[in-house]
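[1] coordinates only, sequence not included:
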């Protein structure tokens, strides 16, 4: 059974940086597309970023230039580096995995439990 466990969330001020990590177990990590979604209170879960097994990356327009995604296939871990954080980045951040590229929650095969990121103004 594939399990995804996020870590690294927290409370920061606007303009700060924060790094999230997602450790994967129980599957063939190097074959998965990995990514992050986020969900703010009262809003739908939205795509943030994804990285393919080859390292091709995709970003939502709202985070382009501020967030980066990377993966370490030896450690079965994907990372999300968030810079220049804004209050509107406040959300529960979910790690996701899939067998093909995804941009919508319904296209993902596996999910983590989520980690909270709160950005104060």
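    Nice, I can see it. Keep in mind that this is a model prediction, so the values were computed, not measured. Numbering: from 1, shown residues only.
[2] Going by C-alpha atoms from here, please, whenever you check contacts or count neighbours.
    Noted.
[3] Which stretches in the chain count as strands?
    For the chain, applying DSSP state E gives strands covering 3-7, 10-13, 18-25, 33-39, 46-51, 57-59, 67-72, 77-82, 91-98, 110-111, 115-120.
[4] Show me what counts as buried in the third one.
    This means strand 18-25. Residues of strand 18-25 classed as buried by neighbour count (16 or more other CA atoms under 10 Å): 18, 19, 20, 21, 22, 23, 24.
[5] Show me what the closest residue to the first one other than its chain neighbours is bridged to.
    It stands for residue 18. Leaving aside its chain neighbours, residue 18 sits nearest to residue 82 (5.2 Å; criterion: CA to CA, 6 or more residues apart in numbering). Judged by DSSP bridges, the bridge partners of residue 82 are residue 18, residue 67.
[6] give the contact list for the residue nearest the centre of the chain.
    Closest to where the C-alpha atoms of the chain average out (CA atoms, centre = their mean) is residue 36, at 2.4 Å. Residue 36 makes contacts with 47, 48, 49, 50, 80, 93, 94, 95, 96, as judged by CA atoms under 8 Å, 6 or more residues apart in numbering.
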